[in-house]
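> what follows is a predicted protein model with its sequence.
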Amino acid sequence: MAEVRTVSVIGAGIMGRGIAHAAALGGYRTILEDIMPASLRKAEGEIRANLDKAVELGKVTKQDADAAFGRIEFAGSVEEAARAADLVIEAVPEELESKIEIFTLLDKICAPNTILASNTSSLSVTEIASVTYRAQRCVGMHFFNPVHKMKLLEIVRALETGDDTIAAAAEVGRRMGKEVVVIKEAPGFITSRINAMIGNEAFYMLQEGVASAADIDKALKLGLNHPMGPFELVDLVGLDTRLHILEYLHRSLGEKFRPCPLLVQYVKAGRLGRKSGRGVYDYPEAAKPAAK
């Protein structure tokens, strides 16, 4: 099994910065990349704040938090971030074309033994890996939002993923403090497939006037013991991201995953969830422009 010492994360959005936080806390030299300087600054501030909060709650010592933060480097290009990496985790938006473009570039930049991982929540890792000359060293690593709190990591074995690659990814996950499940690639994997169906059905119920969004959320939390209601969750994940997943599952698995027209309408209206200030619910603080 290849030893991983340096982890590079491509994309400093919500998922990317969470993965970098977990990797650094796991003891890895961590390089977080984004082409937008503002995204890197925001990521740096949020990682520091989340580490400080963990210290405040007694989950991490101040010494360990400071050491983790000191292991994080920031890069403004994929080339700069990936050249020295033993494992590169791509965390760009959930669009197949974007992920294929990144993997094509990484395959040219990275050393032959570097493992390439995609943090896709539903797309085919086999298809993403097919654009490289290292399909055996490509794997899916599906983290969950917020990464620094969520315990699960789905490791996805694509058609040609090697056993050593699976073992190395699982070891990285465990050092990050994750509980690891290894699954054979299938559309939506485990969690995205089930979540997409629940969330889509909730939108159909809302569209039909069965109950309010708040009451549907309350029913699933109190009646089925879900930690979040389906609408609270989709606002956190992003309605556009959920729609992309449903469209892919609909193409792959058929009519039972046809996106609810109300969800499609919300996305067209720009109601994307917390990140846009409005989804199923309103988030007025998130919608405020940043102070100059």
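Received, thanks.

> ranges for the helices of this protein?
Shown for the chain, the helices assigned by DSSP state H span residues 14-25, 37-56, 62-70, 78-82, 96-109, 125-129, 163-175, 191-208, 213-223, 230-237, 239-253, 261-268, 284-287.

> quick one, which of those gets closest to C138.
helix 125-129 (3.5 Å; Cβ to Cβ). Any C-beta I mention is one placed from the backbone N, CA and C, and that applies to glycine too.

> about what we covered before: in TSV: the helices of the chain, plus distance to T6, mean neighbour count and mean pLDDT.
Output for the helices of the chain, formatted as TSV (distance: least, Cβ to Cβ, whole Å; neighbours: other Cβ atoms under 10 Å; pLDDT from 0 to 100):
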stretch	distance to T6	mean neighbour count	mean pLDDT
helix 14-25	9	26	97
helix 37-56	17	16	96
helix 62-70	14	15	97
helix 78-82	10	20	95
helix 96-109	14	17	96
helix 125-129	21	22	96
helix 163-175	11	18	97
helix 191-208	28	18	95
helix 213-223	41	15	98
helix 230-237	29	23	94
helix 239-253	28	21	93
helix 261-268	37	16	98
helix 284-287	34	10	72
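
> out of these, flag the one nearest H142.
helix 191-208 (7.5 Å).

> could I have the closest one exported to CSV, CA atoms only?
Extracted C-alpha coordinates of helix 191-208, given in CSV (Å, rounded to 0.1, in the frame of the first residue of the first chain):
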residue,chain,number,x,y,z
THR,A,191,-26.5,7.6,0.7
SER,A,192,-27.1,9.9,-2.3
ARG,A,193,-29.5,7.4,-3.8
ILE,A,194,-31.6,7.1,-0.7
ASN,A,195,-31.4,10.8,0.2
ALA,A,196,-32.4,11.9,-3.4
MET,A,197,-35.5,9.7,-3.3
ILE,A,198,-36.6,10.9,0.1
GLY,A,199,-35.9,14.6,-0.8
ASN,A,200,-37.6,14.3,-4.1
GLU,A,201,-40.7,12.7,-2.6
ALA,A,202,-40.8,15.5,0.0
PHE,A,203,-40.9,18.0,-2.8
TYR,A,204,-43.8,16.1,-4.5
MET,A,205,-45.7,16.2,-1.1
LEU,A,206,-45.0,20.0,-0.8
GLN,A,207,-46.2,20.5,-4.4
GLU,A,208,-49.4,18.6,-3.7
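
> packing partners for that helix?
Applying 3 or more Cβ pairs under 8 Å, 6 or more residues apart in numbering; DSSP states H and E, one finds that helix 191-208 contacts helix 213-223, helix 230-237, helix 239-253, helix 261-268.

> what's the closest of the ones you listed to G11?
Taking the helices and strands packed on helix 191-208 one by one with Cβ to Cβ, helix 239-253 is closest: 13.3 Å.

> next one: the closest one to chain centre, how far?
15 Å (Cα atoms, centre = their mean, to the nearest Å).

> over to stretch 91-100?
11 Å.

> ok, the nearest residue to I89 once chain neighbours are set aside - contacts?
Spatial nearest neighbour of I89, excluding adjacent residues (Cβ to Cβ, 6 or more residues apart in numbering): A117 at 4.6 Å. Residues near A117 by Cβ atoms under 8 Å, 6 or more residues apart in numbering: L87, V88, I89, E90, C138, V139, G140, M141, A169.

> relative to D86, how far out is A117?
According to Cβ to Cβ, to the nearest Å, A117 and D86 sit 11 Å apart.

> same question for R242.
From R242 to D86 the distance is 33 Å (Cβ to Cβ).

> make JSON lines from the helices of the chain and add distance to R5 to it.
Output for the helices of the chain, formatted as JSON lines (distance: least, Cβ to Cβ, whole Å):
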{"stretch": "helix 14-25", "distance to R5": "11"}
{"stretch": "helix 37-56", "distance to R5": "20"}
{"stretch": "helix 62-70", "distance to R5": "15"}
{"stretch": "helix 78-82", "distance to R5": "14"}
{"stretch": "helix 96-109", "distance to R5": "18"}
{"stretch": "helix 125-129", "distance to R5": "23"}
{"stretch": "helix 163-175", "distance to R5": "10"}
{"stretch": "helix 191-208", "distance to R5": "29"}
{"stretch": "helix 213-223", "distance to R5": "42"}
{"stretch": "helix 230-237", "distance to R5": "32"}
{"stretch": "helix 239-253", "distance to R5": "31"}
{"stretch": "helix 261-268", "distance to R5": "41"}
{"stretch": "helix 284-287", "distance to R5": "37"}
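
> good, we can wrap up now.
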